[in-house]
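>>> Build me a structure from this.
(4 chains)
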2 protein chains.
Amino acid sequence: MGRRSGILEFAVLGLLRESPMHGYELRKRLNTSLGVFRAFSYGSLYPCLKTLVQRGWLTEEPGDPPEDSSAAPLAGRRARIVYRLTAAGKEHFEELLAQTGPDTWEDEHFGVRFAFFGQTSRDVRMRVLEGRRSRLEERLARMRASLARTRERLDDYTLELQRHGMESVEREVRWLNELIESERAGRDQRRGEAPSDPSGEDTAS
Amino acid sequence: MGRRSGILEFAVLGLLRESPMHGYELRKRLNTSLGVFRAFSYGSLYPCLKTLVQRGWLTEEPGDPPEDSSAAPLAGRRARIVYRLTAAGKEHFEELLAQTGPDTWEDEHFGVRFAFFGQTSRDVRMRVLEGRRSRLEERLARMRASLARTRERLDDYTLELQRHGMESVEREVRWLNELIESERAGRDQRRGEAPSDPSGEDTAS
DNA sequence: GTTAGCATGTAAGGAGTTACATGATTTT
DNA sequence: AAAATCATGTAACTCCTTACATGCTAAC
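Prediction:
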């Protein structure tokens, strides 16, 4: 069955944009390199890769990985399949980066979107950050209202949970404020990261 | 299809343990009263209720809700169905409270478990809190290790994301430490919360 | 007289997981 | 020679969502 959208697809495209990889390596990166990511299973990763190939966003190549070519050329190790982003795939990823999905998507997968901010134009970064902030503030308002209504009949544990939850949200809002301000303070040039050409300069090899 | 386990079932049983309710009310409580809960849809709630009835954990009664009986007895409003926890249901919920599921379950739904701590025996509370803490500490260790390995080749955004993520986790660990200490400080009597009958404090150690 | 809220439900589908199957290769 | 790690894949299942269908009452 075709994995239609989903965060996994997004993350795979984003990681492959940086450099080609085989599935096993990809999964490790999903779990560690991008820290905040959740642990995807092979059972979802490999089928996802297949459908991405079918749609023309990836190509499959047999072969040894880019790094560690000092090892046996491709002797043992059950021949790996290296996946590479196509031009169409790159284009598609740009679209995904730019588009603002439904609130729940944006909210649930904010961490992943943020992880690819390095490849995102400043407009979009601002939109994503501000969107998140406003949703958190809405939520905060709802929590406060609900707490004011029901405070009396809640036990200590529930109260403590709500208190801690609200504090966490408030903390994240402050974090977002800092980020937004720092974006606004204009530094387009954060090293040589050329924001003028979001689809441009791939860091191949 | 039989909703087998799932957090929704747990939450429904827990809420109904406090007092009988009809589905609509239940859903509102899931979304607001217990604040941290996610927004479940009717599409999952009603089927869930049906299967819980089938298993004998709930009974369906037609009728007006316990509060607001000043309104029309049950005149308009499409006759509601009030769900009440049976003895078997109570028993089952106790089991669910006491059992420690797989780590992922415990981790993903910690907030919900915590929300029912008022109905949970102290042993179990300690087990849940300490379990969560140790998993968070493991995760922290993994994050630190991964960060030490890959710091150089991560861009500023990814780095900032990891930094904030780790800070959040550290903060939650401190919170848990406070809670655990406060549990350890022994006060069973936190106001008039009498765990008089919940079959709770059976495991005296 | 139309929107908003109350109230219950079904069918189809999405996005993943677990458990399994397979097999080579390095380490113990 | 046993175990761990590398590597790819499939089938069945889970748990929840969306979109739809229905109909009543209160408020604007």
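>>> Pretty sure A:Ile81 sits against A:Glu60.
Yes. A:Ile81 is within contact range of A:Glu60, at 5.2 Å (criterion: CB atoms under 8 Å). For every residue, glycine as well, the C-beta is placed using N, CA and C.
>>> Kindly report the residues of chain A close to chain B.
With CB under 8 Å from any CB of the partner chain as the criterion, chain A meets chain B at residues A:32-36, A:111, A:114-115, A:117-118, A:142-143, A:146-147, A:150, A:154-158, A:160-162, A:164-165, A:168, A:171, A:175, A:179, A:190, A:193.
>>> shaky segments in chain A?
For chain A, the stretches with pLDDT under 70 are A:1-4, A:33-37, A:64-77, A:187-205.
>>> any idea how far A:Leu140 is from the residue lying farthest from the centre of it?
Outermost residue of chain A with respect to the C-alpha centroid, by CA atoms, centre = their mean, is A:Glu152; its distance is 40.6 Å. Look at A:Glu152 and A:Leu140: by CB to CB, to the nearest Å, they are 21 Å apart.
>>> Just confirm A:Glu61 is within a strand.
Yes. When DSSP: H, G, I helix; E, B strand; the rest coil is applied, A:Glu61 is found to be in a strand.
>>> Let me see the contact set for it.
Under the criterion of CB atoms under 8 Å, 6 or more residues apart in numbering or on different chains, the neighbours of A:Glu61 are A:Pro20, A:Ile81, A:Val82, A:Tyr83, A:Arg84.
>>> which of these tops the neighbour count?
A:Tyr83 (23 neighbours; other CB atoms under 10 Å in any protein chain shown).
>>> how about the nearest residue to it, chain neighbours excluded?
Spatial nearest neighbour of A:Tyr83, chain neighbours left out: A:Leu58 (4.8 Å); criterion: CB to CB, 6 or more residues apart in numbering or on different chains.
>>> does the one you found really touch A:Gly89, like I thought?
Yes. Assessed by CB under 8 Å, A:Leu58 is found in contact with A:Gly89 at 5.8 Å.
>>> Return every residue with contacts to both of these two.
Joint contacts of A:Leu58 and A:Gly89 (CB under 8 Å, 6+ apart) are A:Leu16, A:Leu52.
>>> out of the contacts of A:Glu61, who's nearest A:Glu106?
When these are compared for distance to A:Glu106 (CB to CB), A:Tyr83 comes out closest, at 26.6 Å.
>>> three-state assignment of that closest one?
strand.
>>> ok, it - contacts?
A:16, A:20-23, A:26, A:49, A:52-53, A:58-61.
>>> what's the spacing between it and DNA strand D?
From A:Tyr83 across to DNA strand D, the span is 8 Å (CB to the nearest atom of the strand, to the nearest Å).
>>> Report the beta-bridge partners for that residue.
In this entry, A:Tyr83 is beta-bridged to A:Met21, A:Glu60, by DSSP bridges.
>>> what's next to stretch A:88-100, contact-wise?
By CB under 8 Å, 6+ apart, stretch A:88-100 touches A:10, A:13-14, A:16-17, A:52, A:56-58, A:85, A:106, A:116, A:119-121, A:124, A:127-128, A:131, A:198-199, A:202.
>>> 7 Å - rerun?
Here stretch A:88-100 makes contact (CB atoms under 7 Å, 6 or more residues apart in numbering or on different chains) with A:10, A:13-14, A:17, A:56-58, A:106, A:116, A:119-120, A:124, A:127, A:131, A:198-199.
>>> Out of those, which sit inside helices?
Per DSSP state H, helices hold the following members of these: A:Phe10, A:Leu13, A:Gly14, A:Arg17, A:Glu106, A:Val124, A:Arg127, A:Gly131.
>>> Save these as TSV, and put in distance to DNA strand D and neighbour count too.
Output for the ones in helices among the contacts of stretch A:88-100, formatted as TSV (distance: CB to the nearest atom of the strand, whole Å; neighbours: other CB atoms under 10 Å in any protein chain shown):
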residue	distance to DNA strand D	neighbour count
A:Phe10	18	19
A:Leu13	17	21
A:Gly14	18	21
A:Arg17	18	19
A:Glu106	12	16
A:Val124	23	18
A:Arg127	21	15
A:Gly131	16	16
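>>> Look up which helix or strand A:Gly186 falls in, please.
Assigned by DSSP states H and E, A:Gly186 belongs to neither a helix nor a strand.
>>> ok, the residue positioned nearest the centre of chain A to A:Arg38 distance?
In chain A, the residue lying closest to the centroid (CA atoms, centre = their mean) is A:Val112, at 2.1 Å. According to CB to CB, A:Val112 and A:Arg38 sit 9 Å apart.
>>> where exactly do the helices run in chain A?
Using DSSP H, the helices of chain A run over A:7-18, A:23-28, A:42-54, A:87-98, A:103-108, A:110-115, A:122-150, A:156-184.
>>> anything in the second one near DNA strand D?
Yes. For helix A:23-28 and DNA strand D, the contact criterion (CB under 7 Å from any atom of the strand) is met by A:Gly23, A:Tyr24, A:Glu25.
>>> For the last one, give its distance to B:Arg171.
To tie it back to what came earlier, the one meant is A:Glu25. According to CB to CB, A:Glu25 stands 32 Å off from B:Arg171.
>>> likewise the second one?
A:Tyr24 sits 34 Å away from B:Arg171, taking CB to CB as the criterion.
>>> swap in A:Glu138?
23 Å.
>>> Between these two, which is the more surrounded one?
Taking other CB under 10 Å, A:Glu138 and B:Arg171 do not tie; B:Arg171 has more neighbours (14 against 11).
>>> what's the spacing between the more buried one and B:Gly14?
B:Arg171 is 27 Å from B:Gly14, by CB to CB.
>>> Write out the residues of chain A neighbouring DNA strand D.
Going by CB under 7 Å from any atom of the strand, the residues of chain A near DNA strand D are A:22-25, A:42-43, A:46-47, A:49-50, A:65, A:77-78, A:80-81, A:102, A:104.
>>> Buried subset of those, written for PyMOL?
Remark: buried members of those, expressed as a PyMOL selection using 16 or more other CB atoms under 10 Å in any protein chain shown:
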select buried, chain A and resi 22+23+24+25+49+65+80+81
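>>> Near A:Ala39, how many other residues are there?
Neighbours of A:Ala39 (other CB under 10 Å): 9.
>>> Return the residues in contact with it.
Contacts of A:Ala39 by CB under 7 Å, 6+ apart are A:Asn31.
>>> cutoff 8 Å now
Counting by CB under 8 Å, 6+ apart, A:Ala39 touches A:Leu30, A:Asn31.
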